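> Take this sequence and fold it.
(chains A and B)
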Protein chains: 2
Amino acid sequence: MMNVTLLGTSGMMPLKNRWLSSCMITCNGHSILTDCGEGTQIAVKEAGQRFKPIDTICITHFHADHISGLPGLLLTMSNEGRTEPIMMIGPAGLERVVRSLCIIAPNLPFEIRFLEYTCPLTYKSGNIIIKPFPVSHRVPCLGFSFELKRVGKFDLQKAQSNCVPIKVWGMLQKEDTVVYEGKEYTSDMVLGAPRKGIKAVYCTDTRPVKSIIENARDADLLICEGMFGNEEKLHRAKETCHMIYREAAEIAVKSNVKSLWLTHYSPSMPEPEEFLSAASDLFPAASCGFDGKTIDLQFED
Amino acid sequence: MMNVTLLGTSGMMPLKNRWLSSCMITCNGHSILTDCGEGTQIAVKEAGQRFKPIDTICITHFHADHISGLPGLLLTMSNEGRTEPIMMIGPAGLERVVRSLCIIAPNLPFEIRFLEYTCPLTYKSGNIIIKPFPVSHRVPCLGFSFELKRVGKFDLQKAQSNCVPIKVWGMLQKEDTVVYEGKEYTSDMVLGAPRKGIKAVYCTDTRPVKSIIENARDADLLICEGMFGNEEKLHRAKETCHMIYREAAEIAVKSNVKSLWLTHYSPSMPEPEEFLSAASDLFPAASCGFDGKTIDLQFED
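Residues are numbered from 1 along each chain as shown, chains lettered A, B, ... in the order given. Just a heads-up that it's a prediction; the model follows:
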């Protein structure tokens, strides 16, 4: 099971009742935070999420509304007793930007490690495989896919015909390889074909580009920016490298996702629901994200 | 008239209904902001204040809860169309810290000037004379006094006996010196003795020290930290270089201020009013500050 919670859904600036766009993904007690604008630490609390389990922080890009809350968050994580290292993933230049912001958060009791996107990469945080991918904004910007793989079903006949000792059956459902009494056994000796896992994809601050469709392919949930709902704002969306709802819905259709949550609304749009039909007419499983919106994504069957 | 508005009253971290400690002083359409922690830009909006008139930003010290909201605030000021320079006043090192934080707020359309406290100084912002003074925290920290001077009453007899032409009477009530028809006239030629002005003093993050008493002398309003209300927290206050309410009230008595507002409450104290008597028993004009608390300080008579 993978829990996905929107912490904030505002673009550009925090509003009274709408925090800056940010998302928390939690699986087996490990959390991944994506983006951390001003006020995200309060949004974390309001959403009933915890600071200490945040192992990984993904940063889409270096505009202030996506990263300015970082020093405060790191200090609060330190106040909550975090001592284990955290990994930060973001565009090239991430370490320089974070170190510069952390001039007001010196002497943190945990190490920060950096993974800068300069070529395709994946990173495993707990059981979640994180894959950043480039999108198209005014500055280098990343989308992220978060995938929880699922192994095949245990196949008794296969296990027996491969002469796998009963003692390692359980272990081979968790590990790829187990050595037992001097002999190596692999998971494919006891498991059927891998089953469909869970995939969530997050992207904001981008025009609709092919990389999103490719990376969101068959995802259970696509969280995608919809800076403007109104079709008339298309020109403005193009100018500022954002999207209108209709464009987000088109991506959802083309990438065959199960559901779409819109987010990263313009401060000029106080009621995002007002324009929902612009997305849901094209893609019925579209809905408006809101601060605190949460879902437990479950394995099929 | 000088308007003083508390934007936030929380210490350490922003709470759901309490922004980080910050204060706005406005006089004749010019504003001075003191401290800018995470979320201050939202607090500005909630308090009905405006961004564009902020000419001066005073920073008490470089702990994140007093400065982390700066890049976001500066970007919002730029979005609101500010192009005039702003002055920042703070401890030595201010420019280095602000420039470092502004890695995510590049290309601002206004100049930032810096005044670092390395020796006693005053700075005039609009009609307000700002005087920073050192207080006692774990890191270099400043308090600030804000003073609106008031000239003497116009004295007809004096003006006539000094042969001051009627045409410059009005000007000499605003300017120290006026040259008219080749002759220099000074304001003391038409004015009586200076009258009592308005003074507000702001200090947080300090133990009770003599510099506060000296600088708050006879102020109309002292805004002073009261991290803890409970007398039992004295040890903790000493340890962390903060104050309990009773200590703030003692400063108010010794400095002969007219009124005291407590602020910068510990997150462990959700109901600051609960302990108010610890201050008001000693100094009856003590009250608890709260987000949005505001007063128009007027000249006497």
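> Now do A:Lys233: how many residues are near it, please.
Neighbourhood size, A:Lys233 [other Cβ atoms under 10 Å in any protein chain shown]: 21. Backbone N, C-alpha and C define where each C-beta goes, glycine included.
> List of residues touching the helix or strand where A:Arg99 lies?
Per DSSP states H and E, A:Arg99 falls inside helix A:94-101. Residues from elsewhere that reach helix A:94-101 (Cβ atoms under 8 Å, 6 or more residues apart in numbering or on different chains): A:59, A:62, A:67-68, A:70-71, A:88, A:90, A:112, A:114-116, B:100-101, B:103-104.
> Just confirm A:Ser287 is within a helix.
No - counting by DSSP: H, G, I helix; E, B strand; the rest coil, A:Ser287 is not found in a helix; it is strand.
> Pull the contacting residues for the nearest residue to it once chain neighbours are set aside.
Nearest non-adjacent residue to A:Ser287, counting by Cβ to Cβ, 6 or more residues apart in numbering or on different chains: A:Trp261, 6.0 Å away. Contacts for A:Trp261 (Cβ under 8 Å, 6+ apart) come out as A:6, A:221-224, A:286-289, A:293.
> burial of A:Ala278, as a residue count?
Residues lying near A:Ala278 (other Cβ under 10 Å) number 21.
> A:His264 now?
By other Cβ under 10 Å, 30 other residues sit near A:His264.
> now, the most widely separated pair of the contacts of helix A:94-101?
Using Cβ to Cβ, the contacts of helix A:94-101 span at most 23.5 Å, a distance reached by A:Leu115 and B:Leu101.
> Show me which of those two is the more surrounded one.
Neighbours were counted for A:Leu115 and for B:Leu101 using other Cβ under 10 Å; B:Leu101 has more, 26 against 18.
> re the thing from before, for the residue nearest to A:Ser287, name its beta-bridge partners.
For A:Trp261, the beta-bridge assignment (DSSP bridges) gives partners A:Ile223, A:Ser287.
> Let me see the ranges of the helices in chain A.
A:40-46, A:64-67, A:70-79, A:94-101, A:156-161, A:210-216, A:234-239, A:245-254, A:277-280 (DSSP state H).
> which parts of the fifth one are buried?
Buried residues in helix A:156-161, counting neighbours by 16 or more other Cβ atoms under 10 Å in any protein chain shown, are found at A:158-159.
> Any of the contacts of helix A:94-101 buried? List them.
A:59, A:62, A:67-68, A:70-71, A:88, A:90, A:112, A:115-116, B:101, B:103-104.
> And those, which is closest to B:Gln173?
B:Leu101 (42.8 Å).
> what pLDDT does that closest one get?
pLDDT recorded at B:Leu101 is 97.
> do the same with A:Asp65
At A:Asp65, the predicted lDDT confidence score is 93.
> count of neighbours near it?
By other Cβ under 10 Å, 27 other residues sit near A:Asp65.
> Pretty sure it sits against A:Gly37.
Yes - counting by Cβ atoms under 8 Å, A:Asp65 does reach A:Gly37; the two are 4.5 Å apart.
> so what's in contact with these two at the same time?
A:14, A:20-21, B:72.
> List buried residues within the residues you listed.
Listed as buried from these are A:14, A:20-21, B:72; burial here means 16+ other Cβ under 10 Å.
> Let me see the contact set for A:Lys238.
Here A:Lys238 is in contact with A:Arg207 (Cβ under 8 Å, 6+ apart).
> can you check A:Ala248 too?
Shown in contact with A:Ala248 (Cβ under 8 Å, 6+ apart): A:208, A:224-226, A:260, A:262, A:279, A:286.
> mind giving me the domain ranges of chain A?
Domain ranges of chain A: A:2-151+A:194-297, A:152-193, per automatic domain parsing.
> Can you say which of those is packed in most?
Mean neighbour count (mean count of other Cβ atoms under 10 Å in any protein chain shown) peaks for domain A:2-151+A:194-297 among the domains of chain A, with a mean of 20.
> any chance of the domains of chain A in a markdown table, plus distance to B:Val179?
Below are the domains of chain A laid out as a markdown table (distance: least, Cβ to Cβ, whole Å):
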| stretch | distance to B:Val179 |
| --- | --- |
| domain A:2-151+A:194-297 | 49 |
| domain A:152-193 | 90 |
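> least reliable of those domains going by mean pLDDT?
Here these differ in mean pLDDT, and the lowest is domain A:152-193 at a mean of 93.
> Kindly check the end-to-end length of that one for me.
End-to-end distance of domain A:152-193 (Cα to Cα, to the nearest Å): 5 Å.
> Report the contact partners of the residue in the stretch 151-300 of chain A positioned nearest to chain B.
Across the stretch 151-300 of chain A, the shortest distance to chain B (Cβ to the nearest Cβ) belongs to A:Pro267, at 9.5 Å. Contacts for A:Pro267 (Cβ under 8 Å, 6+ apart) come out as A:10-13, A:15.
> Those also near chain B: which ones?
Subset of the contacts of A:Pro267 in contact with chain B: A:12-13, A:15, counting by Cβ under 8 Å from any Cβ of the partner chain.
> Which of the residues you listed sits closest to B:Glu80?
Using Cβ to Cβ, the ones next to chain B among the contacts of A:Pro267 come closest to B:Glu80 at A:Met13, 10.6 Å.
> tell me the contacts of that closest one?
A:Met13 makes contacts with A:20, A:65, A:267, B:41, B:72, B:75-76, B:79, as judged by Cβ under 8 Å, 6+ apart.
> Would you reformat these as TSV and include distance to B:Ile130?
Compiled in TSV, the contacts of A:Met13 are given as follows (distance: Cβ to Cβ, whole Å):
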residue	distance to B:Ile130
A:Leu20	32
A:Asp65	31
A:Pro267	32
B:Gln41	22
B:Gly72	23
B:Leu75	24
B:Thr76	23
B:Asn79	26
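> Pull the contacting residues for the closest residue to A:Ile42 other than its chain neighbours.
Nearest non-adjacent residue to A:Ile42, counting by Cβ to Cβ, 6+ apart: B:Pro14, 5.3 Å away. Taking Cβ under 8 Å, 6+ apart as the criterion, B:Pro14 is in contact with A:39, A:41-42, A:72, B:8, B:20, B:37-39, B:65.
> What of A:Ser280?
A:Ser280 sits next to A:249, A:286-287 when contact means Cβ under 8 Å, 6+ apart.
> what does stretch A:126-134 contact?
The contact list for stretch A:126-134 (Cβ under 8 Å, 6+ apart) reads A:2, A:25, A:27-30, A:32, A:55-56, A:58, A:89-90, A:117, A:120-124, A:140-149, A:211-212, A:214-215.
> ok, back up a step: now for the contacts of B:Pro14, which pair is the farthest apart?
The span of those, defined through Cβ to Cβ, is set by A:Gln41 and B:Gly8 at 14.4 Å.
> just checking, A:Gly39 touches B:Thr40?
No - with contact defined as Cβ under 8 Å, A:Gly39 does not reach B:Thr40; the gap is 10.3 Å.
> ok so, going back, could I get the shared contacts of A:Asp65 and A:Gly37 in a markdown table, plus columns for distance to B:Asp176?
Output for the shared contacts of A:Asp65 and A:Gly37, formatted as a markdown table (distance: Cβ to Cβ, whole Å):
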| residue | distance to B:Asp176 |
| --- | --- |
| A:Pro14 | 45 |
| A:Leu20 | 48 |
| A:Ser21 | 53 |
| B:Gly72 | 40 |
